[in-house]
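K.L.:
starting from these lines, generate the structure:
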Amino acid sequence: MRTHHPPSPLTLPRPLPALLLPTLLAGAAAAAVPTGHAIAPPPTAAAPSGHGPVPAIHTAIPGFHPAIPSGHGFAPATTPAPPPPAPGIDIESYRFELTLRDDTDEITGRTTVTLRFTADGVTEVPLDLIGRPPPEPSAARPPPAAADTPARGMEVLAVTTPAGNPLAHRHQDDVLTVTLPSPGTAGTRSTFTVSYHGIPASGLRIGPNKYGERTFFSDNWPNRARNWLPTVDHIGDKATCEFVVTAPAHYQVVSNGRLMEETDLEGGMRLTHWKQSVPISPWLYVVGVARFAVQHLGEFKGVPVQTWVYARDRDAGFYDFAVPTIEVLHFYDAYIGPFAYEKLANITSPATGGGMEAATALMYGENSVTGERSVGWRNVVIHEIAHQWFGNSVTESEWDDVWLSEGFATYFTLLFREHAYGRDDFVTGLRQAAERVWRWYDDNPDYRVVHDSLTDMSRVTSVATYQKGAWVLHMLRGRLGDEAFWRGIRLYYARHFNGTATTDDFMHAMEEASGDDLQAFFDQWLRRGRNPALEGSWRYDAAAGAVQIELRQVQPGAPFEVPLEVGIYAEGDLLPAQVTTIRIDGPAHRFVIPVAAEPAEVRLDPGTWLLFRSDFRRGPPR
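P.N.:
Residues are numbered from 1 along each chain as shown. Presented below is the predicted three-dimensional model:
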């Protein structure tokens, strides 16, 4: 049991300077980091006091799914999780050439795949691509009205070498298997092109926006790129990409990376070429085709920052997205590490319900434009920008570890909110998150944050991966202290920059940064269900000059092992006069805390550092 008195306000450091990646890689563990339990404000701002974090990211916006606070769409609940990528190959790049038209929903595509062999003897390359269902026998065909609806899915027309020679292939069970002209040799490369066409069953939404205007927008989460793009459609398989889109000239086209070319063609068509030079996962590949209004906001360290909204939303959209994008980029760059990409564009889309963090081209629901700079949508923008660091640059290697994306983006949204808007906003978000966690676990008591070989893709994200994941980071920060926490975050980011990571990779980085053994902490909070629930009471013993506390853990299952702060309050005080840390590690405990005078109130967790539910009140004197 540890007793301390609240310190006077800390003199907080200025934000960390952004480090170049080689410096991060060489010495992240020893890098300078902020101290204290509050995010450093700009040097001219007043320093906030106390502790904080974590929001229910999208709760302020009507219409968000109560359990899944993002724009992520889902494959049907029966869709199994895809198998890992085939051994022996590493896809390095895709070049997607697409033709879109107004007189049909059918797309025409040519995808050029470049891969590197990581083992000898590879003879076949499997790609995910949803095929057209085979034609039904005549006796089973639907009536004429239904038959007029074209079948959805892709039909492969040819697979060829760069010289134009055909390659053998088969397209069965939604997998396109390409037979190579000769077995691969480790370290060498191979390139081939897939020609195909069809109407996407999912992944690429073709239809009207809220104004009734025809649009084309992608939404590949979690594994729906395969509906319109032949890829290794796995969250951990990263590659560079190019989109060369030919569409009617009255549209503008936005995609990942930098704009390389726009050329008007004959027949009222326009070719638009975007190139993403940094490897990303297929679910982050994005295309948006609409009548846009485009604003160039400026640059962040040479990176262009843009707004793309429907032309009819020009004034309101430019106003809404003007802030806080560039300030958020500066904050994360300073505290985590360098921004990885060639641009950052905020884009409205009819295919997105809330926010979608597609790398360099962030998508937001088309109702995000209000002209009022809604606080709820502002927080979504912050959340999606945070994903450019966690989820996009550092990507979970399997869907089991999706909290490394969503929990991180949720927590780092609150860290920025504390920095920019103050501690009260920070703590409000933290408490809202805790309320959502408890409501979720009332219905899903055994849900694990880290999945165990997930098979049902409809359960890949939840309040647990968002809000509880954020709380885990907050409690880890409380356990380690700011210096070790930020050192570990920077080490983790540097070590897995533009790569993939697991929960164990993150744990090892934090252990290295802190010298602490974190296995039990990670297992308790991430690999089991439920959360601590406490019942108890306190009494003042005048003869002993002490407060007596009795606490019981009442949640089903094994007890949690947690530190818990107890605040002793005098009459009329907003802050505790005394804070004592006790340790809860069994079903029942009794503690005696010496005090200088009879308290007016005793509160559990006055600093907001523990995720728990409690029924704690003053008991009758003895």
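K.L.:
where does the nearest residue to Pro248 once chain neighbours are set aside land in three-state SS?
P.N.:
Excluding the flanking residues, the one nearest Pro248 by Cβ to Cβ, 6 or more residues apart in numbering is Asp102, at 5.5 Å. For the C-beta atoms, the positions are set from N, CA and C on the backbone; glycine is no exception. Three-state call for Asp102 (DSSP: H, G, I helix; E, B strand; the rest coil): coil.
K.L.:
what's the burial count for Ile489?
P.N.:
Look at Ile489: counted by other Cβ atoms under 10 Å, it has 27 neighbours.
K.L.:
quick one on the thing from earlier: please report how far the residue nearest to Pro248 lies from Met269.
P.N.:
10 Å (Cβ to Cβ, to the nearest Å).
K.L.:
wait, Val178 sits on Thr193?
P.N.:
No. The pair formed by Val178 and Thr193 falls short of the contact definition of Cβ atoms under 8 Å, at 10.1 Å.
K.L.:
helix, strand or coil: sort out Ala597 for me.
P.N.:
At Ala597 the chain is in coil, as set by three-state DSSP.
K.L.:
shared neighbours of Asp102 and Met269, anything?
P.N.:
Counting by Cβ atoms under 8 Å, 6 or more residues apart in numbering, the shared contacts of Asp102 and Met269 are Pro248.
K.L.:
element containing the nearest residue to Tyr94 once chain neighbours are set aside, please.
P.N.:
Closest residue to Tyr94 apart from its sequence neighbours, by Cβ to Cβ, 6+ apart: Cys241 at 4.8 Å. Element membership of Cys241, judged by DSSP states H and E, is strand 239-248.
K.L.:
can you pick out the residue with more neighbours from Asp102 and Met269?
P.N.:
A count of neighbours by other Cβ under 10 Å puts Met269 above the other of Asp102 and Met269, at 16 against 11.
K.L.:
now for the closest residue to the more buried one other than its chain neighbours, how many residues are close by?
P.N.:
Distances taken as Cβ to Cβ, 6+ apart put Thr246 closest to Met269, at 5.5 Å, once the chain neighbours are dropped. Residues lying near Thr246 (other Cβ under 10 Å) number 20.
K.L.:
strands of the stretch 301-450 of the chain, residue ranges please.
P.N.:
Along the stretch 301-450 of the chain, the stretches classed as strands by DSSP state E, counting those that start in this stretch are 303-310, 344-349, 355-356, 361-365, 394-396.
K.L.:
from Glu136, how far out is Ala520?
P.N.:
Separation of Ala520 from Glu136 (Cβ to Cβ): 57 Å.
K.L.:
okay, now the unreliable bits of the protein?
P.N.:
1-82, 137-148 (pLDDT under 70).
K.L.:
surely Gly207 meets Ala290?
P.N.:
No. Using Cβ under 8 Å, Gly207 is not in contact with Ala290; the gap is 11.2 Å.
K.L.:
quick check: longest helix of this protein.
P.N.:
In the chain, assigned by DSSP state H, the helix with the most residues is helix 423-443.
K.L.:
between the strands of the stretch 301-450 of the chain, which gets nearest to Pro594?
P.N.:
strand 394-396 (46.7 Å; Cβ to Cβ).
K.L.:
so which elements touch the closest one?
P.N.:
With contacts taken as 3 or more Cβ pairs under 8 Å, 6 or more residues apart in numbering; DSSP states H and E, strand 394-396 sits against helix 403-421, strand 499-501.
K.L.:
give me the contacts around it.
P.N.:
235-236, 238, 280-281, 402-405, 492-493, 496-497, 499-502.
K.L.:
ditto for stretch 195-204
P.N.:
Against stretch 195-204 from outside (Cβ under 8 Å, 6+ apart): 75, 105-111, 129-130, 132, 150-160, 206, 216-220, 224-230, 287.
K.L.:
got the contact list for the closest residue to Lys468 other than its chain neighbours?
P.N.:
Once flanking residues are discounted, Lys468 sits nearest to Val437: 5.0 Å by Cβ to Cβ, 6+ apart. Counting by Cβ under 8 Å, 6+ apart, Val437 touches Val463, Ala464, Gln467, Lys468, Trp471, Asn531, Leu611.
K.L.:
would you say the third one is within a strand?
P.N.:
No. Per three-state DSSP, Gln467 lies outside any strand segment and is helix.
K.L.:
I figured it was touching Ala409, is that so?
P.N.:
No. The pair Gln467 / Ala409 is not scored as a contact, 11.4 Å apart, by Cβ under 8 Å.
K.L.:
more neighbours: Gly207 and Ala290, which one.
P.N.:
Taking Gly207 and Ala290 together and counting by other Cβ under 10 Å, Ala290 has the greater number of neighbours (25 against 13).
K.L.:
show me the beta-bridge partners of the more buried one.
P.N.:
Beta-bridge pairing of Ala290, defined through DSSP bridges, involves Gln252.
K.L.:
separation between it and Glu106?
P.N.:
Going from Ala290 to Glu106 by Cβ to Cβ gives 19 Å.
K.L.:
isn't Pro563 right up against Thr581?
P.N.:
Yes. Between Pro563 and Thr581 there is a contact at 5.4 Å, judged by Cβ under 8 Å.
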